[in-house]
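# A predicted structure for the sequence below; I have some questions about it.
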Amino acid sequence: MSWPTPVDREPLHTRSVTFEGYARGDGLWDIEAHLRDTKPFFFEVPGENQWQPGEPIHDLRIRLTLDSQFVVQDIAMAMNRIPHDTCPQALPPMRGLIGSSLLKGWRRTLEAHLGGVQGCTHMRELLFNMGTAAFQSIGPRLRRANPDKAPPHLGRCKTWALDTPLVQRLYPLHYQPNPLKD
């Protein structure tokens, strides 16, 4: 599929998000997320702050330290650039994620600890997607160590349905033919 050429338009906002995974020397894993928002023009929140074109409005970072069961062992957070003075008040509740599992109920956990006015929308969005980054980072290493264990992504999307040829080829122990399809 090709990407269609857009009509004439004006750029308004850029959000850059990156996720990186690391194997630590102590046997734990770090998953880091970085969010940066900029605008290509002068921007102002009246009575609070002003930003020049390209100057970060948000510059936010999170580091989750996980064990091999995807349980949060520690969390580090930074709000290097923020639009409002009250934004850092959303950081302390994030410490409540320590001990939570990214494998079981991660989205519900985020909503319970950081939903609504308890947290920061942008930090919550980063955390939500850090689960996928953790699977992408840690999963291949764990599968090499324990090839008989089903990886957590099986049965979680169209491509990784348990009855697909891909699962049959790569994970034959976990392949489950669908008699209704054949």
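Ah, there it is. What you see is a predicted model; the values in this text were computed from it and never measured.
# now do the strands in the chain.
For the chain, the strands defined by DSSP state E cover 14-23, 29-38, 43-45, 49-51, 58-66, 72-81.
# what is the burial count for Asp148?
By other C-beta atoms under 10 Å, 8 other residues sit near Asp148. No exception for glycine: its C-beta is placed from N, CA and C like everyone else's.
# setting aside sequence neighbours, what's the nearest residue to it?
Spatial nearest neighbour of Asp148, chain neighbours left out: Leu173 (6.1 Å); criterion: C-beta to C-beta, 6 or more residues apart in numbering.
# and that neighbour, how far is that from Arg144?
15 Å (C-beta to C-beta, to the nearest Å).
# for the residue nearest to Asp148, the count of nearby residues, please.
There are 9 residues near Leu173, going by other C-beta under 10 Å.
# residues making contact with the biggest helix by length in the chain?
Criterion DSSP state H: the longest helix present in the chain is helix 121-145. Taking contacts as C-beta atoms under 8 Å, 6 or more residues apart in numbering, the residues outside helix 121-145 that touch it are 17, 19-23, 29, 31, 33, 35, 58, 60, 62, 64, 66, 68, 70, 77, 90-91, 94, 97, 102, 106-107, 110, 114-115, 149, 151-153.
# please list only the buried members of those residues.
Of the members of the contacts of helix 121-145, the ones counted as buried by neighbours, 16 or more other C-beta atoms under 10 Å, are 19, 21, 29, 31, 33, 35, 58, 60, 62, 64, 66, 70, 77, 90-91, 94, 97, 102, 106, 110, 114, 151-152.
# which secondary element of the protein has the worst mean pLDDT?
Within the chain, no helix or strand scores below helix 165-170, which has a mean of 89 by mean pLDDT, DSSP states H and E.
# which parts of that one are buried?
Buried, per 16+ other C-beta under 10 Å, within helix 165-170: Val167.
# dump it to PDB, keeping only the CA atoms.
The C-alpha coordinates for helix 165-170 follow below in PDB (Å, rounded to 0.1, in the frame of the first residue of the first chain):
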ATOM      1  CA  PRO A 165       0.400 -20.300   9.400                       C
ATOM      2  CA  LEU A 166       2.900 -17.900  11.000                       C
ATOM      3  CA  VAL A 167       2.200 -19.400  14.500                       C
ATOM      4  CA  GLN A 168       2.300 -22.900  13.000                       C
ATOM      5  CA  ARG A 169       5.700 -22.200  11.500                       C
ATOM      6  CA  LEU A 170       7.400 -20.300  14.400                       C
END
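# who's Ile75 bridged to?
Per DSSP bridges, the residues bridged to Ile75 are Leu64.
# for burial, what's the neighbour tally of it?
17.
# what do you get for the one 3 residues further on?
Using other C-beta under 10 Å, Ala78 has 13 other residues around it.
# and what of Thr18?
Thr18: 12 surrounding residues under other C-beta under 10 Å.
# my guess is it contacts Ile31, does it?
No. Look at Thr18 against Ile31 with C-beta atoms under 8 Å: they stay out of range, at 11.3 Å.
# since that was my last question, I'll sign off now.
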